[in-house]
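1. I would like to see how this sequence folds:
(chains A and B)
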Amino acid sequence: MPETMDELEERISLLRGHIRQALAAGDRAAVPRLRAELRTAELSWDSALLESDDSVPAPSPSGTLPAGMSLFPVREQVHQVLTVLGVAAAPRLIVATHEALFAGGLIATKLASLRRDEERSFRAAPYSRPYYVCAALAADQLVAVRGLLAISTWPLDRRIMGPLSPRVDFLTAAIRLVRHLQTTGELGPQSIRLLWPFTNNIPGASGPAEEFEPSRLIAAAQAELRIHEESDRQQREAAAERARRLSDAEQLFGGEQLKAVRSVTKR
Amino acid sequence: MSVVDERLNALRGAAPRKPHNARTLAALAANPGCRRRTLLDAAGIDKGQIAEGLGVRISIGQMSSIAIARGKGFEAKVKADGCAELLRLLREHIGLPVPEVHYHDLNPADADDRITSRLRRSQRALQASAESNEPTGTLFDHPILQLTVNGVQVRIEPDLIAFKLGNQFFIVEIKSFAILDGTADSGKVAAAAQQSAVYVLAMREMLQTAGLDPAMVSDQVVLVCPKDFSNHPVAELLDVRKQLATLKRQLDRMESVESLLRLLPPDLSFDPRLDAAGRPTRDPQELAAAIFQVTARYSPECLGACELGGVCRAEVSGMVPVLGRVVREDLGGIDSIKEAVELATGLREPDAGQQQAADLLRRAYGMREAALGAVR
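-> Down below sits the predicted model:
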């Protein structure tokens, strides 16, 4: 240790005094730096105490992340999840999937501003990143669908949401999730909980037994998917055809809603 | 803009418009004889502000932010993943066929999506699915419907409308009160049924205007609530025929706003003159004088359904209506409580219209005296 306990204690009280003085003098700008120094001194004091007394259990070192926290940035984590799901998804599903498949620690509130940040980045320097977390587009008005995230490298029609698409995507996600879990061999209780909304809401997916059967879920989802698939594909492709006329940024993050009144008054 | 709209805007003055919703319509239908409420609601006047300006503030239907957040969270859960939970419930309860999963989002697309354009979108989508032979629309999320209430257009927004091809439209109402062991708070269910009846009526009106069969809208509504103490949704079918009949009768009976306006001076205004902070600054006596030009029909139930309840109660203090509807009907022709007491005790001679009520009062007074005399 560079400093003895006595020196540390002196330093701590000195720093506390400085903070008080800085506050009294109205010098708020200096306070955060002083507080940080105080914090370091206190931490050193704590570890010095531990070294002198072995009976106190050591707390986890403060430098490392809590267990199960991913080191990837949020957009990487979202990309990981969306690549597994293969369809545009809402933050709730993304967070749940991330928790079951990856290290966890993705927080829904962090996803709220992600799409806006990505759009800002794209508009500032188009295509400077290998992919963007972008929006799904409503088939009728080609505006961004509320609360859905997608990946910019997907074909455009996969990001179009027609009337049947929410259900088709739900079924597709179910099939892809089960397949992913089967290949990685992670069909534990946590992933079964993740699949529960799918098992519960797809007709014929839950068997008579309480036990979860992956093949049954896949078969049920495929059976329903076959009913919707064809017309959904046509609607999506038709809308994608129209969407290609939009600018690049609008194709990714949604067009402006048509506002006849406004454009007239602005002119 | 019609003459009626102009007069109504003049009544409201500079205060912002407060539109009707299904809840206020249901409350209005519960007391159709109240001209004051009819007029203030039609003009979109914030009754809470008027009451505050008169110093008798009552807040009605103001939910805590936690309750609102819970309601919204539950609705989002029911509609999550392409309405997965809702589709399961509808397949169970109204036998929705598996191919019908079309979802139409009629929520505002952005912050300044105007209600008129949402109304047009909703009407187009709903009518197209009603006319089509193929499934083109099954779930309509937050459509806008329009209902004409005594000559004024009122826009309302149900949680969801489900359409079963070749069969019927169902209003789906998502509420966050729990169904415990198959039963729920009867008051809340009744309120939900009232509200849904307004939606059914509006939807029928829309179909009729479009030349379609109004009977396509089912008189059963689907109520979706959390089950027991969980957040897991269950559905129940509610029969709203009774509420629908009451609502229709009372909306028909309501006097037209136009005829009400004819009785009032043209320069009348209920503007509370809000200051920058939204506080009313108009002289309370002047405001009261304006408000009291329109007659109210107070009953104690108003206190739970109308922001002006306190004002109207103070107005009729010492009068018969304070005692409730039953007493008011029994004592027809008698205005004040003092008069009723005098008639009962024989201090006053009844006039021609009061004879029946006076007999009743005297007999009751006699019985009371006899009963008390036995005790004395």
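
2. make it CA atoms for all contacts and neighbour counts henceforth
-> Noted.

3. where does the stretch 151-300 of chain B dip in pLDDT?
-> When residues are selected by pLDDT under 70, those of the stretch 151-300 of chain B lie in B:165-166, B:255.

4. show me what residue of it gets nearest to chain A.
-> residue B:232 (10.6 Å; Cα to the nearest Cα).

5. ok, that residue - contacts?
-> residue B:226 (Cα atoms under 8 Å, 6 or more residues apart in numbering or on different chains).

6. how about 10 Å then?
-> Residues in contact with residue B:232 (Cα atoms under 10 Å, 6 or more residues apart in numbering or on different chains) are B:74, B:77, B:78, B:85, B:178, B:224, B:225, B:226.

7. gap between the host helix or strand of the second one and the chain center?
-> Counting by DSSP states H and E, the secondary-structure element that holds residue B:77 is helix B:65-93. Taking the mean of its C-alpha atoms, helix B:65-93 sits 24 Å from the chain's own mean (Cα atoms, centre = their mean, to the nearest Å).

8. next SSE after that helix?
-> Heading C-terminal from helix B:65-93, the first helix or strand you meet, by DSSP H and E, is strand B:103-105.

9. mind giving me the packing neighbours of that following strand?
-> With contacts taken as 3 or more Cα pairs under 10 Å, 6 or more residues apart in numbering or on different chains; DSSP states H and E, strand B:103-105 sits against helix A:165-184, helix B:115-131, strand B:139-141, strand B:160-164.

10. in its sheet, what does it sit against?
-> Strand B:103-105 sits in its sheet next to strand B:139-141 (parallel), going by DSSP bridges.

11. what's the strand it pairs with in contact with?
-> With contacts defined as Cα under 10 Å, 6+ apart, strand B:139-141 is touched by A:163, B:79, B:82-83, B:86-87, B:100-107, B:122, B:125-126, B:157-164, B:169-172.

12. pull out the buried residues from those residues.
-> Buried members of those, scored by 16 or more other Cα atoms under 10 Å in any protein chain shown, are A:163, B:79, B:82-83, B:86-87, B:100-107, B:122, B:125-126, B:157-164, B:169-172.

13. which stretches in the stretch 251-376 of chain B count as helices?
-> For the stretch 251-376 of chain B, the helices defined by DSSP state H, counting those that start in this stretch cover B:257-262, B:284-291, B:309-315, B:325-330, B:337-345, B:355-375.

14. tell me which residues of the fifth one are tucked away?
-> By neighbour count on 16+ other Cα under 10 Å, the buried set for helix B:337-345 is B:337, B:339, B:340, B:341, B:342, B:343, B:344.

15. equivalent analysis for the third one, please.
-> Residues of helix B:309-315 classed as buried by neighbour count (16+ other Cα under 10 Å): B:309, B:310, B:311, B:312, B:313.

16. the first one now?
-> Using 16+ other Cα under 10 Å as the burial criterion, the residues of helix B:257-262 that qualify are B:257, B:258, B:261.

17. avg pLDDT for the host helix or strand of residue A:233?
-> Assigned by DSSP H and E, residue A:233 belongs to helix A:214-243. If you average the pLDDT over helix A:214-243, you get 92.

18. does chain B sit close to the helix or strand following that helix?
-> Next helix or strand after helix A:214-243 toward the C-terminus (DSSP H and E): helix A:248-253. No - for helix A:248-253, no contact with chain B is found by Cα under 10 Å from any Cα of the partner chain; the gap never falls below 13.5 Å.

19. residue A:49 reaches residue A:9, doesn't it?
-> No - with contact defined as Cα atoms under 10 Å, residue A:49 does not reach residue A:9; the gap is 11.4 Å.

20. please enumerate the strands of the stretch 101-250 of chain B.
-> Ranges of strands in the stretch 101-250 of chain B, per DSSP state E, counting those that start in this stretch, are B:103-105, B:139-141, B:145-149, B:152-156, B:160-164, B:168-174, B:220-226, B:233-239.

21. what angle separates the fifth one from strand B:168-174?
-> If you take axes from the mean of the first three to the mean of the last three Cα atoms, to 10 degrees, strand B:160-164 sits at 150 degrees to strand B:168-174.

22. what pairs with strand B:160-164, and is each one parallel or antiparallel?
-> Pairing partners of strand B:160-164, with direction, according to DSSP bridges: strand B:139-141 (antiparallel), strand B:168-174 (antiparallel).

23. orientation of that strand relative to helix B:115-131 in degrees?
-> Using the same axes, to 10 degrees: strand B:160-164 against helix B:115-131 is 20 degrees.

24. go on, the fourth one?
-> Interaxial angle of strand B:152-156 relative to helix B:115-131 (the same axes, to 10 degrees): 80 degrees.

25. give me the buried positions along strand B:152-156.
-> B:152, B:154, B:155, B:156.

26. run the chain-centre distance for it.
-> 12 Å.

27. what does it contact?
-> Contacts for strand B:152-156 (Cα under 10 Å, 6+ apart): B:4-5, B:19-23, B:25, B:41-43, B:115-116, B:119, B:142-148, B:198-199, B:202, B:256-258.

28. mind doing that once more with 6 Å?
-> Contacts to strand B:152-156, defined as Cα atoms under 6 Å, 6 or more residues apart in numbering or on different chains, come from residues B:21, B:144, B:145, B:146, B:147.

29. and the residues you listed, which is closest to residue A:106?
-> residue B:144 (36.3 Å; Cα to Cα).

30. so which bits of stretch B:232-245 are buried?
-> For stretch B:232-245, burial by neighbour count (16+ other Cα under 10 Å) applies to B:233, B:234, B:235, B:236, B:238, B:239, B:240, B:241, B:243, B:244.
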